[in-house]
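[1] here are the coordinates; sequence isn't available:
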C-alpha cells in the first residue's frame, strides 16, 4: 500500500467484515404503479455488486515516477527551524474514499467491457459502407466541395474521444512552441581573454552559454559529472580554456543572479572557463568532508575543537557561519545537496542564537563579535537568496537592519556600532549587504555610497603618503600604510560597489597583487590575503587572474592534508592569524578560494550596485 495511505489496525490489509445490509420495506405509491425493471441487453449480464465481505483488498498502487517520499525532518535539527515536508499529492489510482461504495472501482472496470457506442461502431464501418457514403456525398448538389463535405461528414461521425485527443495534441504543441521560442532567443556571450604570444593586451574570444536558469541541473550533487560534460562542450568552442579570465562584456544581468553559478551545468561551465579542474574540485570535496566530521551535535562548529591546532579563543557563531559559507559555495543548502543535513543543523544553530535585534554574536567575546555578526549575515542572506525560503526572510532582514544601524557616519564598520571603520571589518559588511541584494533584500543606496567615503580615506598610491584618489592600494585605517591584504579587500569592495573592472586603479591594483602569489612554504602564508586576492582577481579577470590562478590551483591542493585524522584540512602554522583562528579558519578560507570559480557570478556580468567614480 502506498506510503501516503492512512494506516489501519487491521494487519491483514483486508476490509473489515461488515454487517448484513438492513433491507428497507418497499415503498409503494397508490397514485402511480411501480416502475418495471429495465430490460438489459441479452448479450450482457447484469452487473451485480460484489458482497462487501468478500471484496478483495485494493491493489497496491505503483509509485509515480519522478516523485520521492517526503523526507522526515532530521532528528538532530533544532526545533526553532524545522522545514516541514510538503503534503503529498493524492495518487491518481488510490482506493476510493470511505464514503464511496466499496465496489466502485470494480464496477467501473466491468462497465469498460460493455459494447461500444454507436459512434465507435461508425468509426469501424466496412469498406462498402465507406464507398456508399462517398457516392452519396458526390451526388450532393450543395456548394461545398467534395473534400469539405467528406470532412464534415466524418467529423460528425467521429467518436468524441478522437476529436478531443486531436484538439489536446494541437493545444499542447502550440504551448510547447512558446517557451521554446523564448529559450532560443535567450543567450549571453561571455567575452573572455585569450592572450596571444608576445601581446600586451587580451584578444577577446566569445562563446555562448544559455541563460542561467536553463543551465541549472536537477541534482545539485552532480557537480563532477556536469564538469566533464561542460568541459567537452566548451573545448570544442575555444582553443585553450586555460587562457580564459578577462573582463566579461554582456548585457546587464541583475545582481540577483550572483548566486546562480553554484550548481548544475553552469557550475561546470564556470569552473572550466575560469581555470578550475578535477583536482581543485577534489580538494573542495575533501575539505567539506573534514568540516562534516567536525560538526558538533548541536549543529554548530567550533574554532577550538575537536581537531588539532584549534584557535586560542572560542567563537561558535563565526565558526558556524564560515563552515556554512563553504558548504553553500559548493551548492549545498538546507533544502538540497549532499550536505543538506549539515547545512540545516548549522542554520538551526545560527537562528537559535539570533536575538530580536538581528544580532548573532551575543555569546562571542571581544572584538571578534563584529566579524562573526557580518559572517552570519552573509550566511543567512545567501541561503535566503539560494532557496527563497520564506522562513529565512525575517532573520535575514533583521540581520541587514542591524548592519545598517551599526554603520559609522563615515561609511565604515569596526568593533562597536558607529565606530570609525577599518577596511578589514568593513569588507565583511560590504559582502553582507551585497549578499542581501543578491537575495532581493532592499539595501538603501545611500548606505552603499557612504562606503565609498570611507574607502577614499584608506586609498593609497605607491610613492605617495596619505589618501590619494588615484591610488591602486589600500590601508587598514586612515593613518595606516598600504597592505596587500587590505589592497585586495579594498579593490573587491570597490568592484562590488560599482567600479568597472577596467578602471585603471583596479587594473594597477590587480597587477600589484599578482606579483605576490600564494606560497607553499610556512613563511609567507596568509590565508586571509589569499581569500580576498583570489576573489578580487577572479572578478577582475585578465592576465593577473591567470597568473594568480596558475599558482593557486596547484599550491592550495598541495598544502592540504592528505592523510590521517586531519585529512582534508589546511594547516594554520605560519599564518599571521593562524594561532587565533586555528585549523577551521585556514581550512574554510582555502575552500572558499577553490570555490571562487563559481561561488559568485563574475561581477562584470551583474548590474552595478551604485554609480562608480570613473577615472
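    Alright, I've got the coordinates. The shown structure was predicted, so the numbers you read here are calculated from the model rather than taken from an experiment. Numbering: from 1, shown residues only.

[2] got the domain boundaries for this structure?
    119-182, 205-605 (automatic domain parsing).

[3] Mean neighbour count and mean pLDDT added to those, as a markdown table?
    C-betas here are computed from N, CA, C, even on glycine. Converted to a markdown table, the domains of the chain look like this (neighbours: other Cβ atoms under 10 Å; pLDDT from 0 to 100):
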| stretch | mean neighbour count | mean pLDDT |
| --- | --- | --- |
| domain 119-182 | 11 | 61 |
| domain 205-605 | 20 | 88 |
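
[4] Look up the pLDDT of residue 23 for me, please.
    Predicted confidence (pLDDT) at residue 23: the value is 49.

[5] Also residue 192?
    Value for residue 192, per-residue pLDDT: 34.

[6] distance of residue 502 from residue 452?
    18 Å (Cβ to Cβ, to the nearest Å).

[7] ok, now residue 562?
    Counting by Cβ to Cβ - residue 562 and residue 452 are separated by 44 Å.

[8] ok, now residue 559?
    36 Å.

[9] ditto for residue 296
    40 Å.

[10] mind listing the helices for the stretch 351-500 of the chain?
    Secondary structure of the stretch 351-500 of the chain (DSSP state H, counting those that start in this stretch): helices located at 368-387, 393-406, 423-438, 445-458, 484-496.

[11] can I get these in JSON lines with distance to residue 551?
    Listed next are the helices of the stretch 351-500 of the chain as JSON lines, based on distance: least, Cβ to Cβ, whole Å:
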{"stretch": "helix 368-387", "distance to residue 551": "27"}
{"stretch": "helix 393-406", "distance to residue 551": "34"}
{"stretch": "helix 423-438", "distance to residue 551": "23"}
{"stretch": "helix 445-458", "distance to residue 551": "27"}
{"stretch": "helix 484-496", "distance to residue 551": "15"}
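
[12] Out of the ones you listed, which gets nearest to residue 598?
    Smallest distance to residue 598 across the helices of the stretch 351-500 of the chain (Cβ to Cβ): 12.9 Å, for helix 368-387.

[13] and the angle for the closest one with helix 393-406?
    140 degrees (axes from the mean of the first three to the mean of the last three Cα atoms, to 10 degrees).

[14] Counting by contacts, list what helix 368-387 packs against.
    Under the contact definition 3 or more Cβ pairs under 8 Å, 6 or more residues apart in numbering; DSSP states H and E, helix 368-387 sits against helix 316-329, helix 340-353, helix 393-406, helix 423-438.

[15] now do 10 Å
    helix 316-329, helix 340-353, helix 393-406, helix 423-438, helix 578-594 (3 or more Cβ pairs under 10 Å, 6 or more residues apart in numbering; DSSP states H and E).

[16] Figure out which of these is closest to residue 601.
    Set against residue 601 and scored by Cβ to Cβ, the helices and strands packed on helix 368-387 come closest in helix 423-438, at 9.2 Å.

[17] Okay, angle between that closest one and helix 445-458 too, please.
    Using the same axes, to 10 degrees, helix 423-438 lies at 160 degrees relative to helix 445-458.

[18] how far off helix 316-329 does helix 423-438 point, in degrees?
    Going by the same axes, to 10 degrees, helix 423-438 makes 50 degrees with helix 316-329.

[19] what angle do helix 423-438 and helix 484-496 make?
    Using the same axes, to 10 degrees: helix 423-438 against helix 484-496 is 30 degrees.

[20] tell me what helix 423-438 is packed against?
    helix 368-387, helix 393-406, helix 445-458, helix 484-496, helix 527-540.

[21] okay, the ones you listed in JSON lines with distance to residue 279 next?
    Converted to JSON lines, the helices and strands packed on helix 423-438 look like this (distance: least, Cβ to Cβ, whole Å):
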{"stretch": "helix 368-387", "distance to residue 279": "26"}
{"stretch": "helix 393-406", "distance to residue 279": "35"}
{"stretch": "helix 445-458", "distance to residue 279": "36"}
{"stretch": "helix 484-496", "distance to residue 279": "24"}
{"stretch": "helix 527-540", "distance to residue 279": "16"}
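
[22] With respect to residue 168, which of those helices lies nearest?
    Nearest of these (Cβ to Cβ): helix 368-387, 35.4 Å.

[23] relative to helix 340-353, how tilted is that closest one?
    Using the same axes, to 10 degrees: helix 368-387 against helix 340-353 is 130 degrees.

[24] on that earlier part again, among the helices and strands packed on helix 423-438, single out whichever gets nearest to residue 284.
    helix 527-540 (13.2 Å).

[25] and that closest one, what other elements does it pack with?
    For helix 527-540, the contact count by 3+ Cβ pairs under 10 Å, 6+ apart identifies helix 423-438, helix 484-496, helix 504-514, helix 542-559, helix 578-594, helix 596-599 as packing neighbours.

[26] closest one to residue 413 among the helices of the stretch 351-500 of the chain?
    Per Cβ to Cβ, nearest to residue 413 of the helices of the stretch 351-500 of the chain: helix 423-438, 4.5 Å.

[27] Touching, residue 575 and residue 531? I think so.
    No: counting by Cβ atoms under 10 Å, residue 575 does not reach residue 531; the two are 11.2 Å apart.

[28] Please enumerate the shared neighbours of those two.
    Here residue 575 and residue 531 share the contacting residues residue 589, scored by Cβ atoms under 10 Å, 6 or more residues apart in numbering.

[29] just to revisit the earlier point, which of the helices of the stretch 351-500 of the chain sits closest to residue 282?
    Counting by Cβ to Cβ, and looking across all of the helices of the stretch 351-500 of the chain, nearest comes helix 368-387 at 23.4 Å.

[30] Residue 375 contacts residue 360, correct?
    Yes: counting by Cβ under 10 Å, residue 360 is a contact partner of residue 375 at 8.7 Å.

[31] Please enumerate the shared neighbours of the two.
    In contact with both residue 375 and residue 360: 317-318, 320-321, using Cβ under 10 Å, 6+ apart.

[32] For these, give me TSV that also has distance to residue 544.
    As requested, the shared contacts of residue 375 and residue 360 are arranged in TSV below (distance: Cβ to Cβ, whole Å):
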residue	distance to residue 544
317	35
318	30
320	34
321	29
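
[33] Widest-spaced pair of those residues?
    So, the shared contacts of residue 375 and residue 360 by Cβ to Cβ: farthest apart are 318 and 320, at 7.4 Å.

[34] what touches both of those two?
    The contact lists of residue 318 and residue 320 share 301, 303, 360, 372, 375-376, 584, where a contact means Cβ under 10 Å, 6+ apart.

[35] List just the nearest of these to residue 567.
    The shortest approach to residue 567 among the shared contacts of residue 318 and residue 320 belongs to residue 584, at 14.7 Å (Cβ to Cβ).

[36] measure the residue nearest to residue 417 when sequence neighbours are not counted to residue 300 for me?
    Nearest residue to residue 417, sequence neighbours excluded (Cβ to Cβ, 6 or more residues apart in numbering): residue 406, at 3.9 Å. Going from residue 406 to residue 300 by Cβ to Cβ gives 24 Å.

[37] who's in contact with residue 544?
    Here residue 544 is in contact with 245, 506-507, 509-515, 533, 536-538 (Cβ under 10 Å, 6+ apart).
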